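Novice: got a sequence here, can you build the structure:
(one chain, ligands or ions: 1)
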Amino acid sequence: MKPAAFQYERPRDVAEVLDLLAQHGDEAKILAGGQSLVPMMNFRLARPAVIIDIGAVPGLGQVSRDEETVAIGTRVRHIELERPPFDGPLSSLLADAARHVGHIPIRLRGTFGGSIVHADPAAEWCLVAQALDAEMTMASVRGERVITAAHMFQSAFVTSIADDELLTEVRLPWLGGDWKTGFSEFSRRAGDFAVVAVASAVRLADGHVAEARIGAVGVGAVPVRLAQAEAALVGQPLGPDAINAASDVAGEEVDPRGDIHGSADYRRDLVRALTRRALS
Ligand SMILES: Cc1cc2nc3c(=O)[nH]c(=O)nc-3n(C[C@H](O)[C@H](O)[C@H](O)COP(=O)(O)OP(=O)(O)OC[C@H]3O[C@@H](n4cnc5c(N)ncnc54)[C@H](O)[C@@H]3O)c2cc1C
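Specialist: Below you'll find the model as predicted:
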């Protein structure tokens, strides 16, 4: 099918985007990579009266870092994060996650910020953001605000971004050389959305786990932090015994529902296995 008729706007800077959003409110939709919005419009699941294409807006497509954070501009494409412009454990995590996002044509066009706002319950970037406590900056004519991933993801495909707000960037904590990261995903076919995926980041001090962040998708409407598994790891040497024990805890602490892709028990088992792989 073809989309319903809409007015097309191509603003040249952020201020113009914000004016258009303020003017049109819930009648308008931002167009980023179009990899979720356009199919939804073609199926008439979305019928925005106004499309605001941010493709020509400067300043939204950079990855930058300082000593404490990495800032990912909303329009950074999935494929750019397959080779982040820095090295280290965070780079490996982003690269591993990026390679699981759809297929190459989708990764060439789809954007980091579009994925966050679309908030698919199985999306890799939502998982990474939740696992690392990302901070998200939203701008509107009313000003700027920053919220954490935990406040952003409300339910499946629902975030706390307001109709007149533009997501401008997402900040992840910089992970130094004492961190180890891992990403593990199971999907039915290569390029499909995850049935379950797990992301982990562990800081080591004297061979023991000093800090742990583990997240999962595919076990609920939003990405979850596996707090009990994290607690089970802290203070332990990062070897097979601690990894197996924490992975068992991870499988127990999630509360998935069964669907056509797998029963609740099957998803628990996947969480167990994928946590083990991510940590290993
Ligand atoms: C066949 C197929 C397979 C896919 N597989 C995966 C997968 O495995 N994993 C995965 O995570 N995704 C997958 N996707 C989705 C893909 O990652 C999309 O790129 C992503 O979900 C949306 O990003 P986008 O830039 O294309 O956003 P768009 O489609 O342009 O927009 C999506 C939504 O976000 C809003 N939006 C976008 N940017 C902003 C902003 N800066 N501020 C406010 N609102 C904004 C739009 O208005 C719209 O509501 C797949 C898509 C397809 C078609």
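Novice: in the longest helix seen in the chain, what counts as buried?
Specialist: Looking across the chain with DSSP state H, the single longest helix is helix 264-279. By neighbour count on 16 or more other Cβ atoms under 10 Å, the buried set for helix 264-279 is Arg267, Arg268, Leu270, Val271, Arg272, Ala273, Leu274, Thr275, Arg276, Arg277, Ala278, Leu279. Placement of C-beta: from N, CA and C, glycine included.
Novice: which residue, neighbours along the chain excluded, lies closest to the second one?
Specialist: When the adjacent residues along the chain are set aside, Arg268 lies closest to Gly251, with 4.7 Å between them (Cβ to Cβ, 6 or more residues apart in numbering).
Novice: and the one you found, what is it in contact with?
Specialist: With contact set as Cβ atoms under 8 Å, 6 or more residues apart in numbering, Gly251 has these partners: Arg268, Asp269, Val271, Arg272, Thr275.
Novice: ok so, going back, just checking, what packs against the longest helix of the chain?
Specialist: Packing partners of helix 264-279 (3 or more Cβ pairs under 8 Å, 6 or more residues apart in numbering; DSSP states H and E): strand 179-186, strand 196-205, strand 208-217, helix 240-253.
Novice: hmm, who's touching it?
Specialist: 182-186, 195-200, 202, 214, 216, 218-219, 226, 229, 233, 238, 243-244, 246-248, 250-252, 254-258, 262.
Novice: once you drop chain neighbours, what's closest to Leu81?
Specialist: Nearest non-adjacent residue to Leu81 (Cβ to Cβ, 6+ apart): Ala98, at 4.2 Å.
Novice: need the phi and psi values for the residue lying farthest from the centre of the chain.
Specialist: Computed with Cα atoms, centre = their mean, the maximum C-alpha offset from the centroid of the chain is found at Asp206, amounting to 31.2 Å. Main-chain dihedrals, Asp206, degrees, to the nearest 10: phi 50, psi 40.
Novice: quick one: residues contacting the residue lying closest to Asp66 once chain neighbours are set aside.
Specialist: Among residues not flanking Asp66 along the chain, Trp174 sits closest, at 7.6 Å (Cβ to Cβ, 6+ apart). Trp174 sits next to Arg65, Asp66, Glu67, Glu68, Thr69, Val70, Leu90 when contact means Cβ under 8 Å, 6+ apart.
Novice: which residues touch the fourth one?
Specialist: Okay, so that is Glu68. Counted by Cβ under 8 Å, 6+ apart, Glu68 has contacts Pro173, Trp174.
Novice: distance of it relative to Leu175?
Specialist: Using Cβ to Cβ, to the nearest Å, Glu68 is found at 11 Å from Leu175.
Novice: and the last one, by the same measure?
Specialist: Per Cβ to Cβ, Leu90 is found 4 Å from Leu175.
Novice: for the spatially closest residue to Arg142 that is not a sequence neighbour, give me its contacts.
Specialist: Nearest residue to Arg142, sequence neighbours excluded (Cβ to Cβ, 6+ apart): Asp164, at 7.4 Å. Residues near Asp164 by Cβ under 8 Å, 6+ apart: Leu18, Leu21, Ala22, Gly25, Ser140, Val141, Arg142.
Novice: my guess is the fourth one contacts Val141, does it?
Specialist: Okay, so that is Gly25. No: with contacts counted by Cβ atoms under 8 Å, Gly25 stays clear of Val141, the gap being 11.4 Å.
Novice: which SS class is the closest residue to Pro11 other than its chain neighbours?
Specialist: Of all residues not flanking Pro11 in the chain, Val17 sits nearest, at 4.7 Å (Cβ to Cβ, 6+ apart). Three-state assignment for Val17 (DSSP: H, G, I helix; E, B strand; the rest coil): helix.
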